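S.K.: I would like the atomic coordinates for the input below:
(chains A and B)
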There are 2 protein chains.
Amino acid sequence: MPPPDRPDEFSLIAQVFAPLAAEASGAFGLTDDAAIFAPTEGMEIVLTVDAIVEGVHFLPSDPADSIARKLLRVNLSDLAAKGATPRGYLLVTSWRPDTPLAWIESFARGLADDQRTFGLSLWGGDTVSTSGPLNFSLTAIGEVPRGQMVRRSGAHVGDDLYVTGTIGDAALGLLAAQGRLAGPAEDAAWLADRYRLPQPRNALGPRLPGLAHAGLDVSDGLMADLRHLCETSGVGAQVETVLVPLSKAAARAVAAEPVRLETVLTGGDDYEILFAAPVEKAAEIALAAAETGVPITRIGRIGMSGEGLAVIDANGRPLGLKQLGFRHF
Amino acid sequence: MPPPDRPDEFSLIAQVFAPLAAEASGAFGLTDDAAIFAPTEGMEIVLTVDAIVEGVHFLPSDPADSIARKLLRVNLSDLAAKGATPRGYLLVTSWRPDTPLAWIESFARGLADDQRTFGLSLWGGDTVSTSGPLNFSLTAIGEVPRGQMVRRSGAHVGDDLYVTGTIGDAALGLLAAQGRLAGPAEDAAWLADRYRLPQPRNALGPRLPGLAHAGLDVSDGLMADLRHLCETSGVGAQVETVLVPLSKAAARAVAAEPVRLETVLTGGDDYEILFAAPVEKAAEIALAAAETGVPITRIGRIGMSGEGLAVIDANGRPLGLKQLGFRHF
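M.R.: As a prediction, this is how the structure comes out:
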């Protein structure tokens, strides 16, 4: 039985989730069985979905609002990397009978905050009960000019390779949150926050079609996601470690423990965008970075498939990386 | 750890699920981070999502292929009732480490069979692991002529009230599957099958825009869903029990135990379409039934809100229904 303060499924939707759908006319206030959406003239829809499970992707003690925001943001990050503008999302929630109403309300508040930040609305969903771990999935819908979604495939030999923001903060932040990172307490707190709340690059995303040949967001780790891009595009790549942008906190962590460079290059959850673009787009890319306020850094180049994936260290020597999520091919 | 025969997540997607996406160009063979879709000229997209949880919506002993088909079909039923033509779906699966590969393959075969039957494709999804009950969600995407989705709202006073197919088979079938229904064994088997595998009315669905003022699929039970339609439309309704279409097996069950009429009227999982349409559309509705092979039966009429929801029995007297999922208003 739900706790005494928990409204039934219909009331929960009406009271807690319907306000999140108030600004989307095609969501009908969550009073219908489906939502409608008509893409803007000349655009097509982009769909992506991610699920998270208690005990696997988040801990029972994590704040409900930050769980919800992370779920929304990992999907927004996919839309950004694909060049799409976010429009709406569908949400599936599995609640245990003893999940308190206050927890569910906090979850919804996290979504409300991020909807305002990123300019999208709840369109629909489903609410079920479970006896097991909490389980959430979110389908995000965006739109992109027809035929111009940024794909994993399409990188050309000779393309420059770029990333947004800084790399490795989230992986170092997870270590910091677990008390396993050397260094000053303020660095640990800053890095842990980068782990807990991704900052998807939706300000930049819609500028990428026409600039990038290929791209994806860095979620599995820089080298693993570069491998995805290279395998799908049928190319190789060379990354120079001295070019990989580090935050001050990450740079201090690597200086203190040089082995952390491997954490930076192979750790996950960055939610930055990795993309390949032709050399002649460099000036336009710098302009897009300046206009959107999203830092973009060249970290290497695309090579032929036979060259494989090479990481060149500060002395110009190939670096061996043995971490999970990375393999030579 | 997964069982020795279970491929990792990437291989599972490539081997078992990518074949389901082979015919959708916008799914990119499940090798990208998102799918694209451009609605046909003059159409808009319709989105709906449903989730199912082991131990709540299905049993651990249920066949994997029928679990998958039911999940797809309950979503197809929503699209049909809304007047939409199915195009694609996104699938989220949560597997336990010990879920056998053969079970997952059977799940995928169920989807493959129904994709062919209903003419849609897998566009994308997410695969996560869980330590708890299996948990699946499916987002179905269809398209409908712009502005013509059949809504829950929009029923007019004086409209005729129709249902497709026969009502109550699934609720009686659940009783039969539990050995709680009197009657011949062949009726029990037939009814149980109606419970296990919904037959969504997608052949009829796209004919409804322009005919129906309002509609939805019967999933919570005829009277509960009629209440949803009436509340959203701000109307009342009168249903005559003698008009409600029963299968031969259901008719025999009600004849044997008259209390089963209440099961028929209030039980769930019919996945037939309930809709309201103006009286002058009767001939066109009969034509749509004949041309699509989907039986359509008039079961009553829409009245004023103040009349509430009335059920009239064979003697012309109002019937009191006390089942859950039904309340007078």
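S.K.: What helix or strand is the residue in the stretch 101-250 of chain A that chain B sits nearest to located in?
M.R.: Scanning the stretch 101-250 of chain A for proximity to chain B using C-beta to the nearest C-beta identifies A:Gly132 as nearest, at 2.2 Å. The way it works is simple: take the backbone N, C-alpha and C, and place the C-beta from them, glycine included. Using DSSP states H and E, A:Gly132 maps to neither a helix nor a strand.
S.K.: OK, contacts around it?
M.R.: Listed by C-beta atoms under 8 Å, 6 or more residues apart in numbering or on different chains, the contact set of A:Gly132 reads A:96, B:53, B:130-133, B:135.
S.K.: And A:Phe37, by the same measure?
M.R.: Taking C-beta under 8 Å, 6+ apart, we find A:Phe37 in contact with A:26, A:45, A:87-88, A:123, A:141, B:44-45, B:47.
S.K.: go with 7 Å
M.R.: Neighbouring residues of A:Phe37 by C-beta atoms under 7 Å, 6 or more residues apart in numbering or on different chains: A:26, A:87-88, A:141, B:44-45, B:47.
S.K.: out of the residues you listed, who's nearest B:Asp270?
M.R.: Distance ranking of these against B:Asp270, using C-beta to C-beta, places B:Leu47 first at 22.8 Å.
S.K.: Next, find the distance separating the closest one from A:Ser66.
M.R.: Using C-beta to C-beta, to the nearest Å, B:Leu47 is found at 27 Å from A:Ser66.
S.K.: Over to A:Arg152?
M.R.: For A:Arg152, the distance to A:Ser66 equals 29 Å [C-beta to C-beta].
S.K.: quick one, which of these two is more surrounded?
M.R.: The neighbour comparison of A:Arg152 against A:Ser66 (other C-beta atoms under 10 Å in any protein chain shown) goes to A:Arg152, with 22 against 17.
S.K.: the helices in the stretch 1-150 of chain A, which residues?
M.R.: In the stretch 1-150 of chain A, helices defined by DSSP state H, counting those that start in this stretch lie at A:9-12, A:64-81, A:101-118, listed in chain order.
S.K.: Tell me where chain A is predicted with low confidence.
M.R.: By pLDDT under 70, the low-scoring segments of chain A are A:1-4, A:321-329.
S.K.: What ranges does it have for its strands?
M.R.: Ranges of strands in chain A, per DSSP state E, are A:35-37, A:43-53, A:85-95, A:121-129, A:135-145, A:160-164, A:214-217, A:236-240, A:273-277, A:296-303, A:309-312.
S.K.: okay if I get these as JSON lines plus distance to B:Val311?
M.R.: JSON lines is the format used below for the strands of chain A (distance: least, C-beta to C-beta, whole Å):
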{"stretch": "strand A:35-37", "distance to B:Val311": "32"}
{"stretch": "strand A:43-53", "distance to B:Val311": "41"}
{"stretch": "strand A:85-95", "distance to B:Val311": "33"}
{"stretch": "strand A:121-129", "distance to B:Val311": "29"}
{"stretch": "strand A:135-145", "distance to B:Val311": "38"}
{"stretch": "strand A:160-164", "distance to B:Val311": "61"}
{"stretch": "strand A:214-217", "distance to B:Val311": "55"}
{"stretch": "strand A:236-240", "distance to B:Val311": "69"}
{"stretch": "strand A:273-277", "distance to B:Val311": "59"}
{"stretch": "strand A:296-303", "distance to B:Val311": "66"}
{"stretch": "strand A:309-312", "distance to B:Val311": "69"}
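S.K.: Which of these sits closest to B:Arg252?
M.R.: Nearest to B:Arg252 among those is strand A:121-129 (34.2 Å), distances taken as C-beta to C-beta.
S.K.: For chain B, tell me whether the closest one is touching it.
M.R.: Yes - shown here: strand A:121-129 in contact with chain B (C-beta under 7 Å from any C-beta of the partner chain) through A:123-126, A:128-129.
S.K.: which strands and helices sit next to that strand?
M.R.: strand A:85-95, strand B:43-53 (3 or more C-beta pairs under 7 Å, 6 or more residues apart in numbering or on different chains; DSSP states H and E).
S.K.: quick one: it to chain centroid distance?
M.R.: Distance of strand A:121-129 from the chain centroid (C-alpha atoms, centre = their mean, to the nearest Å) equals 21 Å.
S.K.: Show me what that strand is in contact with.
M.R.: A:9, A:12-13, A:17, A:20-21, A:23-24, A:26-27, A:30, A:34-35, A:88-95, A:97, A:111, A:115, B:47-51, B:53, B:56, B:137.
S.K.: now those residues: which count as buried?
M.R.: Among these, those that count as buried by neighbour count (16 or more other C-beta atoms under 10 Å in any protein chain shown) are A:12-13, A:17, A:20-21, A:24, A:26-27, A:30, A:34-35, A:88-95, A:111, A:115, B:47-51, B:53, B:56, B:137.
S.K.: and the stretch 101-250 of chain A, which residues reach chain B?
M.R.: Selection of the stretch 101-250 of chain A residues close to chain B by C-beta under 7 Å from any C-beta yields A:123-126, A:128-133, A:135, A:137, A:139, A:146, A:149, A:151-152, A:216, A:232.
S.K.: what number of residues lie near A:Asp98?
M.R.: Per other C-beta under 10 Å, the neighbour tally for A:Asp98 reads 10.
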